[in-house]
Each structure stands twice: as structure tokens, then as C-alpha cells.
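J.: Okay, sequence plus prediction incoming.
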Amino acid sequence: MIESNNSKLGGDNALWLRSLLDSAGEAFYSVNTVGETTMCNTAFMRLMGFDREEDALGRKLHGVIHHSHPDGKAYDVEDCPIYRCASSGAKAHVTNESFFRLDGKAIPVEYWAHPIIQDGELMGAICTFNDITERRIADHALRNALAAKEALLQEVNHRVKNNLQLVMALLSLQSRQMRGSDGQLAIDDALARIAVVSAVHQQLYQSDHYSAVDATTYLSNLVEQTLSALSSANRVKLQVAGKPGIMIDIALAVPLALIICEVATNSMKYAFPDDRSGEIILHVDRQLSGLLEVRINDDGAGLPENFSIDGQNGLGTKIITTLARQIRATARYIPANPGTIFELIVPLDDPKGT
Amino acid sequence: MTSLPTDNPRIMIVEDEALVAIQIEGVLTDAGYTVVGYSDTMEGSLAIAETSQPDLALCDIRLVNLSGIDVARQLKERGIPSLFVTGNCATSEGADVGIGCLHKPFDGRRLIDAVRVVTAVVNGGVVPELPASMHLFGDPEQSS
């Protein structure tokens, strides 16, 4: 709100104020309560195409510089926020309108209207504004660049998915050629692992910012898909006991997913053999020390006696231990009653893991 | 649109990646379906439709110089329902002509589950649980 005090506007003060207004880069003009122009500065005259302040003073400028909306529709003065501010005192900040120069050229502007109050009485309004043509051009260029980035990302994603499909097709065809042999089982295992990589890609692409994912949602979706691919009639149910909002970086998300899906696959093979039914609980938590704790607890057949993860030679175990080392995690199987717990502790602040 | 035979539906494939087409053919054949042919052109697809009268089409969306949605539209006019099988299935594009969409990459089991879902939808039967990465058009919860 602008309070006028006549005593400060006389003599040197008026000259000082005039110099201040004319040196400002921001354009402004003031109107009385009926919308007649009472003052304008040099920036206003330059932007709007006025040669002299006298050409603007005393005129109702709405019909001259603010007569239309950007879409060309007529702009009724009664709807004008500047006029409303001058006649009722309501402040306004507008970013999506245009002013029109005297030569008719439209200029996109951002403007503010503030009431002028003198001795408690509304005297009019002052409107300050900026030409935002450059900003509009920059915004447009930014939007175009974003759209191009989105299109490129979509194209890359499309190609990755098609190439993964091609890899799966090749393995699938190889598997059919080797039907009934031990080799077919190995090919099918590889196919299942490629399916996990594909699911990881899908999950990451669907994330909002492509750089981090919610650990609980991400891992539970992947484990659910792994169980669904291996379990007929959903004989093994998944329960999730994880906290939402534990965000993990993509660099950690991929190896983490491969480990957890490998463990889930092992559970299906060894904890629930011969169509045995049961339950797997996925537990995801962030400890106060900053460690990510992921546990997979099954109520299946349990571990063989004297089982140690380090004593296993299978490819699945090798994948688990190798990737755990990569993300600086500790992995271990713990006997439970019933079943087995796999526990993975991952340092989230490790440079390789975050 | 007529109903689909549940025991041995005859299926055509519209796919420009030949290895993926024969992967699909192998998976379907192993599961007891009859694959009547595959094509990567509009003319070839319509020729298969005319001569073999398939019960269902599996259509890729982005083919070289061809939209699988356009093919599905032509097939729909001939009474043949389509399931889109594509890596580019994030929107409801093609919802007016297709039954649903299975995202690539998929494995054999997921493909068979998707075909079973489509068969149930076309026949008005009880729709089984959708495989991961599949959505039916007209089902807002599954359309993302």
C-alpha cells in the first residue's frame, strides 16, 4: 500500500522522487479512482511508445494500452485489475496479460497493482510492470528442450525394451531347440534372469525422476513378479513389511534388485519345492545408522544343516555374493523356525551405493 | 466381435522383428494355440486375415513405416480383436481398437497369461488376474 504525504513531495523532494522514478528499469504509471492517468515514468513511455508524459496524463489508458486479452477478446474496463484496484483498493498481480504499445504491438507483461491511500482515503492505484517477452521466449525454449528430452528418453526406453525382447526371443528359441536337455534348464535360468533385468528397467522407467526409487515399492513389485513367474496359482504369497519413503539411487537399485530376485527365486526352488505352498515376507527398513536392511523371510523347508553362503558353488549364490560385494553390503542366511531368513545390510551413504 | 474359442484359438501376429515373431509363434504353439501367420505390413496382415480368418491378432504398435493401431483398426472392421504387444504402451493410444496391451519385454508365460485374459474379456467370462506389465483398455487402474 502506498501512503502519500504531500509535505515530502514538494520542492527538492519532488525532483528527487521524479529522478528516482525515471531511473527505474521497471515501468509504472498511476491512475485516479476513475482510471485517469496521473503520472508515468520514463520506462513506461519507452515501452508503450509515448513521446511525452503529457500525452498520457489525464487519459483513461485502459482502452489504449490494455483493451484486449492475449487471445484477442475485448477487455472490459470493469474487469481490469488495475481499474479495480484504483476504485476498490484490491491489490493484483497478473502474469498472463498483454499491454499494447501506441503502434499497436502487443507486449506480454507481468504487472502489479497497488492502491494509493492518502489520509486513509483511496486516491487511485499505481501499476508497475515488466516486459516479459524475453522470459516467454526462454520459457518456450525450455519447454521445447524438455519435450525433446522426454521424446528422446521415450525413444531410448522403447529401444531398450525391444532389444531386451530380442534377447529373450533368442534365448527362448535356443531353449526350444534344447528341449528336454540339461542345457535347456540353464537357458531357462538365464531367461528368468533377463526377465528380472527387464522388470528392473520397467520399474526404473516408471519412476518419477529416473534417478531414485522407493525401495519398498520397487523391491516388492519385483519380488511379486518373480514369484508370479515361478509359482502356479500363486501358491506362495508375498507379504510386504516395509516402510515407504526410503529412496535409493539407481546405481544401487539395479544390483539390489538382482540380489533380491535371486534370493526369491532360490526360495521358490528350495524352500517351496514340489508345489509346496507358503509365504514370503519382504522386510525393508532404514536403520538409524543409515544402513538399509532388506530381509526375505520364508516359512518353507529351511536350510540344510551347516549351510553357509560362502560354501555354495551355484551361479545364483555367486550372483548374490558378487553383487553384495559390489554394493558393499553384507549378506547372510539365518535359520528360522520355520523357514529361512535372508538378510542384506547395505550402507546407503557409501559412494558406490548411493 | 465374435467370441473366441477357448480351446484352440487361431492367432495371427503383426510384428516387424522376425525373431520376436517366431518366439511368439513358438510359445503359442507349445501352449496349444494355432498361429496362422505373421506379417509386418498392412497388406500382408489383411491377406492373413482374409485367408485364415484368425480369432485374435497380436499387434506390435510401432512397426517400420506402419502403425499397428491402423492394422488393428482394419482387423476390427473384419471382426478380429487385437491385443497390442509393444514396448511403447504407456498411454491409452489405440484404446478404441484394441482389447489391451502387453508391454515388451515379456516371457512366454506372461504372453500365454495375456492371451487367456483377452480370451476371457472377448467371451465375457471371468477375467483371470492380469500378468505383470499388461493392462486392459477401459480399466483406468491398469492403464498406466
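T.: Nice, thanks for sending it over. Numbers count the residues shown, from 1 in each chain, chains lettered A, B, ... in the order given.
J.: Might you calculate how far the lengthiest helix in chain B sits from the centre of the chain?
T.: Identified as the longest helix of chain B according to DSSP state H is helix B:108-123. Relative to the mean C-alpha coordinate of its chain, helix B:108-123 is positioned 9 Å out (C-alpha atoms, centre = their mean, to the nearest Å).
J.: again, but for stretch A:301-318
T.: On the basis of C-alpha atoms, centre = their mean, stretch A:301-318 is displaced by 42 Å from the centre of the chain it belongs to.
J.: same question, stretch A:110-118
T.: 36 Å.
J.: Quick one: mean pLDDT for that stretch?
T.: Stretch A:110-118 shows a mean pLDDT of 96.
J.: do the same with stretch A:40-53
T.: The average pLDDT within stretch A:40-53 is 95.
J.: what sits up against it?
T.: Applying C-beta atoms under 8 Å, 6 or more residues apart in numbering or on different chains, the contact partners of stretch A:40-53 are A:21-22, A:24-30, A:39, A:56-57, A:65, A:99, A:101-103, A:107, A:131. The C-beta positions use only the backbone N, C-alpha and C, and glycine is treated the same way.
J.: coming back round to it: list the helices and strands the helix or strand following the longest helix of chain B packs on?
T.: Downstream of helix B:108-123, the next assigned helix or strand under DSSP states H and E is strand B:134-136. With contacts taken as 3 or more C-beta pairs under 8 Å, 6 or more residues apart in numbering or on different chains; DSSP states H and E, strand B:134-136 sits against strand B:100-103, helix B:108-123.
J.: any idea of the mean pLDDT in strand B:134-136?
T.: Strand B:134-136 shows a mean pLDDT of 89 in the predicted model.
J.: Now do the SS call for B:G44.
T.: helix (DSSP: H, G, I helix; E, B strand; the rest coil).
J.: Which residues of chain B lie near chain A?
T.: Within chain B, the residues that sit near chain A (C-beta under 8 Å from any C-beta of the partner chain) are B:17, B:19-20, B:22-23, B:26-27, B:30, B:62, B:87-88, B:90, B:103-110, B:129, B:131-133, B:144.
J.: switch to 7 Å and redo it
T.: B:17, B:19-20, B:22-23, B:26-27, B:62, B:87-88, B:103-105, B:107-109, B:132-133 (C-beta under 7 Å from any C-beta of the partner chain).
J.: angle of the longest helix along chain A against helix B:108-123?
T.: Of all segments of type helix in chain A, defined using DSSP H, the longest is helix A:133-177. Taking axes from the mean of the first three to the mean of the last three C-alpha atoms, to 10 degrees, helix A:133-177 and helix B:108-123 form an angle of 110 degrees between their directions.
J.: and helix A:133-177 with chain B, contact?
T.: Yes: legend: contact between helix A:133-177 and chain B by C-beta under 7 Å from any C-beta is shown at A:158, A:161-162, A:164-166, A:168-170, A:172-173, A:176.
J.: Next, count neighbours for the residue nearest to A:M268 when sequence neighbours are not counted.
T.: Of all residues beyond its chain neighbours, the one nearest A:M268 is A:L230 (4.4 Å), with distances taken as C-beta to C-beta, 6 or more residues apart in numbering or on different chains. Summarising burial for A:L230: neighbours were counted as other C-beta atoms under 10 Å in any protein chain shown, giving 17.
J.: and what of A:R46?
T.: 11.
J.: That one sits in which helix or strand?
T.: In the assignment (DSSP H and E), A:R46 maps to helix A:42-48.
J.: Pull out the buried residues from that helix.
T.: By neighbour count on 16 or more other C-beta atoms under 10 Å in any protein chain shown, the buried set for helix A:42-48 is A:42-45, A:47-48.
J.: tell me the phi and psi of B:V64?
T.: For B:V64, the backbone dihedrals are phi -60, psi 120 (criterion: degrees, to the nearest 10).
J.: Next: A:G245.
T.: Geometry field for A:G245 lists phi and psi as phi 90, psi 10, criterion degrees, to the nearest 10.
J.: what separates it from A:I132, distance-wise?
T.: Between A:G245 and A:I132 the distance, using C-beta to C-beta, to the nearest Å, works out to 38 Å.
J.: go on, A:L166?
T.: Distance check for A:L166 against A:I132: by C-beta to C-beta, it reads 49 Å.
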